[in-house]
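**Q** Sequence plus predicted model, see below.
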Amino acid sequence: MKKQDILNELKNRKLDDIVELIEDAESGDLEELEVVQSVGLLYDQTLNQEVIHLLKELGVTIIYIKDEE
């Protein structure tokens, strides 16, 4: 999935917080992001993987944390 396709899908689903994360990554304001490994960023696993891949391409270090019960 291309960046614009990802952004369009996120905007269609009204996931503005995730769009902002990508914009922050593009501007260099986001260097690291902690993600709960069992949850991810989105319920849609395919879109979740695409967003994480895009963030990594933009130079963001993804730090996976374990779900503390």
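**A** Yep, it's here. Residues are numbered from 1 along each chain as shown.

**Q** rest of the way, CA atoms for contacts and neighbours
**A** Noted.

**Q** beta partners for residue 65?
**A** With DSSP bridges as the criterion, residue 65 is bridged to residue 36.

**Q** looking at it, it is touching residue 33, isn't it?
**A** No - contact between residue 65 and residue 33 fails when scored by CA atoms under 8 Å: they sit 10.2 Å apart.

**Q** the more surrounded of these two?
**A** A count of neighbours by other CA atoms under 10 Å puts residue 33 above the other of residue 65 and residue 33, at 16 against 13.

**Q** Report the contact partners of the more buried one.
**A** Residues near residue 33 by CA atoms under 8 Å, 6 or more residues apart in numbering: 60, 61, 62, 63.

**Q** Helices of this structure, start to end?
**A** 3-12, 16-27, 45-57 (DSSP state H).

**Q** Taking helix 45-57 as reference, get the angle to the first one.
**A** Here helix 3-12 points in a direction 130 degrees away from that of helix 45-57 (axes from the mean of the first three to the mean of the last three CA atoms, to 10 degrees).
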